[in-house]
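1. dropping a prediction and its sequence here:
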Amino acid sequence: MSIQTNVADIIRQSPWFKDLPEDGVQKLAKATKIERYEKNSFLFCAGEITKSIYCLLEGRIRVSIVSSIGQEFSLTDIEPNGWMGDASLFSEEGRVLELQFKEAGRALNIPRNTVLAVADEYPSVYKNLLQDHMLRTRQTYMLLGGMLFYPLKSRLAARIISLLKEHGVTCEEGTRLDISLSQKDFAGLVLGSRQRINKIFRQWDDEGTILMKNGCYIIPDIGRLEAEIELQDD
C-alpha cells in the first residue's frame, strides 16, 4: 500500500472529515506531508502562529498551558490518530497551547488553506469540527472543575484513573499503567509539586493502593483508587 493511500485512509477515519466525499479526501491527501519529530521537540509552542492541522501517526504529545513566567499545566497527552491544530482554521492569532513530543514520532501536516478550501466546498466538515470541539471543550471543563474543587490527592487519583482507561493493561497483580510518566509529569498533570506527589505515591505504596515495581505503576484494585477521589487532602 502506498504512502498516498495510507494518508487517504487516515483522513477518511478522522472525526473531522467523517463522510467527506472522495474528491475532498484526495485533495487533502495530495497536499499532506509526513514530518518526523525528535523527543522533546515541539509541534508548536504557545504564541506561535500555525498554518496547518496535524494528525499524530507515531509517538506521544503532551498538551500544556504555559504561563509567561514558565509555569506549566498539562491538559492531556495525545496518542496516535489524534488530530490537532484546528484553531488555525479559525484564527490567525498565536496559539494558546503548547504541544511537545514526549516520545519521538511522526505527524501528518495538512496546510490550512487546503483544509479551508475543502471545507468551503463540503460544509459538513465545519459541523464535524464543531462537534469535536464541543466534546473536547466539555472534557476540558470537567478537568478544570476537578483542578479547582478537589484536593491534590483526589486530583491525582482521578488523573490516574483517566490514564488507565487509555493505557491500562491487565496483569497478574491487577492493572499496570502502561505509559512512562515521571513524578514530575504527574505534578504537571495535577498542579502539584513533585515533592507532594512523591509523598502521596509513597503513602499509596505503603497502603497497597498503588505499587511501584520495576519502574511501573501497578493498581491492584481500581476501586480503592476511586475511593481516593472522595478523600480530603492531608
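-> Structure received.
2. measure the closest residue to Tyr37 other than its chain neighbours to Ser182 for me?
-> What sits nearest to Tyr37 in space, not counting adjacent residues and going by C-beta to C-beta, 6 or more residues apart in numbering, is Phe101, at 4.8 Å. For the C-beta atoms, the positions are set from N, CA and C on the backbone; glycine is no exception. According to C-beta to C-beta, to the nearest Å, Phe101 and Ser182 sit 16 Å apart.
3. what residues are up against Glu228?
-> Glu228 makes contact with 153-154, 156-157, 209 under the criterion C-beta atoms under 8 Å, 6 or more residues apart in numbering.
4. I meant Gly146, not that one.
-> Counted by C-beta under 8 Å, 6+ apart, Gly146 has contacts 154-155, 158.
5. if you set the cut-off to 6 Å instead, what comes out?
-> Contact analysis of Gly146 by C-beta atoms under 6 Å, 6 or more residues apart in numbering lists 155, 158.
6. quick one: secondary structure of Ile160?
-> helix (DSSP: H, G, I helix; E, B strand; the rest coil).
7. and stretch 37-50, what's buried?
-> 37, 43-44, 46, 50 (16 or more other C-beta atoms under 10 Å).
8. that should have said stretch 52-63, apologies.
-> By neighbour count with 16+ other C-beta under 10 Å, stretch 52-63 contains the buried residues 52-57, 59-63.
9. what's that stretch in contact with?
-> So stretch 52-63 is contacted by 10, 74-78, 80, 82-86, 97, 99-112, 115 (C-beta under 6 Å, 6+ apart).
10. what ranges in this protein fall below the confidence cut-off?
-> Applying pLDDT under 70 to the chain flags the ranges 1-5, 68-70, 231-234.
11. looking at it, which helix is longest?
-> helix 124-149 (DSSP state H).
12. contacts only, for Ile34.
-> Arg106.
13. need the phi and psi values for it.
-> As for Ile34, its main-chain torsions (degrees, to the nearest 10) stand at phi -110, psi 120.
14. Gly215 now?
-> Per degrees, to the nearest 10, the backbone of Gly215 is at phi 80, psi 10.
15. how about the helices in the protein?
-> 3-13, 22-31, 112-121, 124-149, 152-167, 183-190, 194-207, 222-228.
16. relative to Glu92, which of those is closest?
-> helix 112-121 (9.0 Å; C-beta to C-beta).
17. packing partners of the closest one?
-> Other elements packing on helix 112-121 under the criterion 3 or more C-beta pairs under 6 Å, 6 or more residues apart in numbering; DSSP states H and E are helix 22-31.
18. buried residues, the helix it packs on. List them.
-> Going by neighbour count (16+ other C-beta under 10 Å), the buried part of helix 22-31 is 24-29, 31.
19. and for Arg194, the neighbour number?
-> 14 (other C-beta atoms under 10 Å).
20. nearest spatial neighbour of it, chain-adjacent residues omitted?
-> Ala187 (4.7 Å).
21. hang on, the earlier thing: got the helices of the chain as JSON lines, with distance to Lys213 columns?
-> Shown next, in JSON lines, are these (distance: least, C-beta to C-beta, whole Å):
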{"stretch": "helix 3-13", "distance to Lys213": "36"}
{"stretch": "helix 22-31", "distance to Lys213": "45"}
{"stretch": "helix 112-121", "distance to Lys213": "46"}
{"stretch": "helix 124-149", "distance to Lys213": "28"}
{"stretch": "helix 152-167", "distance to Lys213": "16"}
{"stretch": "helix 183-190", "distance to Lys213": "16"}
{"stretch": "helix 194-207", "distance to Lys213": "10"}
{"stretch": "helix 222-228", "distance to Lys213": "16"}
